[in-house]
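Trainee: pasting the sequence and the predicted coordinates here, then a few questions.
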Amino acid sequence: MKKVILFLSLFAFLTDYSFAASDPVSQGMQLYKKHHYEDASNILLSSLSSSQAIQRDKINLSLGIVYLANSKLYYELYKISTYVHVDYLTKLIDADKKSESSFSKFYLGRALLESGKLDEGMGFLKKYLADKRTTPVNKDIAKINIGIILFLQGSPKEANKYWSKLNVDDPLVLTTLAAAYSKLGLKEKPLDMCRKALDLPAFKNQKPSINIMNNILGVYARSGKAEDGLKLLKAADLKAVFCDETVKKNKTIRFYDTELLKNISELNGKASLRFFENAANSSDIKIKNLAQFNLTEAYSLYDSPDQSLKTVEAFLGSGNSSAGLANRVKVRKAINAHLLGQKKDAVTQLDDLLKQNGKPGLMTEILLSCSRYNLDYPQIVVNAATMVQKGDGRPIARLNFALGRYYLYKHNYSNAIKHMEAGRDKSNKNRIEHNDPQMLVYLSETYYRIKKFSEALEIFFEMS
């Protein structure tokens, strides 16, 4: 979710133009403010093509904001889901030696791959490959994932050995291979492979499975086809199980692939880029300015720090921004320096900002940015801890949550819980209309990590 100051800036901007309450931008941004991102995007998209130029620019800006918020939320869900999957499946395999689920090896290998634990992931995928219960199609899927690990480990020739004799007439195998090529940036036309898969006879009278849809969504996200991916996403059954396995009488395990959440995140993020870029071409200076402001973050997340830095310089050089927005863009500049390997320079820039502006909104921005990009910056903790002891109100509540998020990044769970609980709306503690849903995900993760599972689950049940 964009921070409160951005929403207020946009809301005030819209008010200046005196739009009626039924105006799609006003409706969409009200839903955004309540964190109903899907509903907001549907309203805004439905009116985009029929709008006049200035209205269309505002809709593009609003869509960018909504899609960026949704992308960031799905990314946080992906991170906690991957952590929980590794934890759960490891314990399941350790505890279930007798019945020994076959698919648990595969999905643990996948989750370990997603979390960057390549050697461990390789081990479980090879165990699954050697399992006599594994079907030929699933053997091919395992080989593709082993190939991904080998490629990431610097052994492309070994990877190609696993990929050389696959049954690409099967749509699941073909789209899984396309997704692998896409992830690794290989030149073998993954989009064409996905289109070929969708044209196979198997889909004449039925929809693709969620496994196939997941592969195609990832390819679309990484190939600049975000809008096509979002259309496909609307047709997908996101509650569908990737596979289920009966291991004992009356015991069935259902498996899901956490990468689906990452693909949804990337689709939304890439879509936000396009809408912000459209809005940045507006003749209205206010729209252009807010679009550039948002692009500084979107480029950093979904393009490159270099492109983000160019936009930062253009934004700061325009002289059209308020001091508050300019300072937040300077945070982005410092983070980009960190991403480009210039950590000392990044810390120096943040130190200068804190000396000039010690307000809770800026400290919240710094804390959240440092947490997301793994920038260790102890000074912000000292400043923020002092600030939350002295004040109250919504800005302090958000600062408490951001401080808790930083402590979560540092694995200091007791302090993370303390500050996040201080920042939560006490009377509507798990309602997304009253709490930033990203923050609720952070809180749930913290409870999970200290083994307070009922508290963690309660948050997700009430959020949904």
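Mentor: Everything's here; your move. Numbering: from 1, shown residues only.
Trainee: buried residues, stretch 235-244. List them.
Mentor: Going by neighbour count (16 or more other C-beta atoms under 10 Å), the buried part of stretch 235-244 is 236, 242-243. (C-beta placed from N, C-alpha, C; glycine too.)
Trainee: who's in contact with that stretch?
Mentor: Defining contact as C-beta atoms under 8 Å, 6 or more residues apart in numbering, one finds that stretch 235-244 is touched by 103, 107, 207, 209-211, 213-214, 217, 252-257, 260.
Trainee: show me where the chain has strands.
Mentor: Ranges of strands within the chain are 243-248, 251-255, based on DSSP state E.
Trainee: columns distance to L184 and mean pLDDT on top of those, output as CSV?
Mentor: Below are the strands of the chain laid out as CSV (distance: least, C-beta to C-beta, whole Å; pLDDT from 0 to 100):
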stretch, distance to L184, mean pLDDT
strand 243-248, 24, 87
strand 251-255, 24, 89
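Trainee: of these, which is nearest L375?
Mentor: strand 251-255 (35.1 Å; C-beta to C-beta).
Trainee: tell me the gap between that closest one and the middle of its chain.
Mentor: Between the centre of strand 251-255 and the centre of its host chain there is 27 Å, according to C-alpha atoms, centre = their mean, to the nearest Å.
Trainee: can you list the strands that that strand pairs with?
Mentor: Strand pairing for strand 251-255, determined by DSSP bridges: strand 243-248 (antiparallel).
Trainee: need the strands of the chain in a markdown table (columns: distance to E365).
Mentor: Output for the strands of the chain, formatted as a markdown table (distance: least, C-beta to C-beta, whole Å):
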| stretch | distance to E365 |
| --- | --- |
| strand 243-248 | 42 |
| strand 251-255 | 38 |
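Trainee: so which of those gets nearest I396?
Mentor: strand 251-255 (42.2 Å).
Trainee: just the residues contacting the closest one, thanks.
Mentor: Against strand 251-255 from outside (C-beta under 8 Å, 6+ apart): 92, 99, 101, 103-104, 107, 241-247.
Trainee: same question, stretch 152-166
Mentor: 118, 140, 143-144, 146-148, 150-151, 173, 177, 180, 184.
Trainee: for those residues, work out which two are farthest apart.
Mentor: Applying C-beta to C-beta across these, the maximum distance is between L118 and V173, 22.0 Å.
Trainee: more neighbours, these two?
Mentor: Legend: neighbour count by other C-beta atoms under 10 Å for L118 and V173, higher for V173 (23 against 15).
Trainee: of all the contacts of stretch 235-244, which comes closest to S51?
Mentor: Closest approach between the contacts of stretch 235-244 and S51, by C-beta to C-beta: L217, at 28.1 Å.
Trainee: got the contact list for that closest one?
Mentor: 229, 232-233, 236, 260, 263-264, 267.
Trainee: tell me the one of the contacts of strand 251-255 nearest L295?
Mentor: The closest of the contacts of strand 251-255, once distances to L295 are taken by C-beta to C-beta, is F242, at 35.0 Å.
Trainee: ok, now how distant is that closest one from E277?
Mentor: 34 Å (C-beta to C-beta, to the nearest Å).
Trainee: now Y32
Mentor: Y32 is 19 Å from E277, by C-beta to C-beta.
Trainee: tally of neighbours for E188?
Mentor: Neighbours around E188, by other C-beta under 10 Å: 13.
Trainee: K248 too?
Mentor: For K248, the count of nearby residues is 11 (other C-beta under 10 Å).
Trainee: so who does A53 touch?
Mentor: A53 is in contact with S283, counting by C-beta under 8 Å, 6+ apart.
Trainee: what separation is there between it and I287?
Mentor: A53 is 11 Å from I287, by C-beta to C-beta.
Trainee: CA atoms only for stretch 118-135, dumped as CSV, please.
Mentor: The C-alpha trace of stretch 118-135 is given here as CSV (Å, rounded to 0.1, in the frame of the first residue of the first chain):
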residue,chain,number,x,y,z
LEU,A,118,19.7,-25.0,-4.2
ASP,A,119,21.8,-28.0,-2.9
GLU,A,120,19.0,-29.1,-0.5
GLY,A,121,16.4,-28.6,-3.2
MET,A,122,18.4,-30.7,-5.6
GLY,A,123,18.6,-33.6,-3.1
PHE,A,124,14.8,-33.8,-2.7
LEU,A,125,14.1,-33.5,-6.4
LYS,A,126,16.5,-36.3,-7.1
LYS,A,127,14.8,-38.5,-4.5
TYR,A,128,11.5,-37.8,-6.1
LEU,A,129,13.0,-38.6,-9.6
ALA,A,130,14.2,-42.0,-8.2
ASP,A,131,10.9,-42.8,-6.6
LYS,A,132,9.2,-45.8,-8.4
ARG,A,133,5.8,-44.1,-7.9
THR,A,134,6.7,-41.1,-10.0
THR,A,135,5.0,-41.0,-13.4
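Trainee: outside of it, which residues touch it?
Mentor: Against stretch 118-135 from outside (C-beta under 8 Å, 6+ apart): 102-103, 105-106, 108-113, 138-139, 142-143, 145-146, 149-150, 152-153.
Trainee: identify each buried residue in it, please.
Mentor: Buried, per 16+ other C-beta under 10 Å, within stretch 118-135: 120-122, 124-129, 131, 134.
Trainee: return the distance of it from the chain's centre.
Mentor: 28 Å.
Trainee: can you give me the neighbour number for the nearest residue to E76 once chain neighbours are set aside?
Mentor: Once flanking residues are discounted, E76 sits nearest to V441: 4.5 Å by C-beta to C-beta, 6 or more residues apart in numbering. V441 sits with 22 neighbouring residues when counted by other C-beta under 10 Å.
Trainee: what's the end-to-end length of stretch 239-246?
Mentor: End-to-end distance of stretch 239-246 (C-alpha to C-alpha, to the nearest Å): 19 Å.
Trainee: hang on, the earlier thing: which one of the buried residues of stretch 235-244 is nearest K451?
Mentor: Of these, the one sitting nearest to K451 (C-beta to C-beta) turns out to be F242, at 26.7 Å.
Trainee: quick one: residues contacting the residue nearest to E76.
Mentor: Counted by C-beta under 8 Å, 6+ apart, V441 has contacts 73, 76-77, 80, 459.
Trainee: in helices only, show me those.
Mentor: Within those, residues falling in helices by DSSP state H are 73, 76-77, 80, 459.
Trainee: okay if I get these as TSV plus neighbour count?
Mentor: Shown next, in TSV, are the ones in helices among the contacts of V441 (neighbours: other C-beta atoms under 10 Å):
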residue	neighbour count
L73	23
E76	21
L77	22
I80	20
I459	22
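Trainee: tell me the centre residue of the chain?
Mentor: Closest residue to the average C-alpha location of the chain: Y75 at 2.1 Å, with C-alpha atoms, centre = their mean.
Trainee: how close does that residue get to L362?
Mentor: Here the distance between Y75 and L362 works out to 23 Å (C-beta to C-beta).
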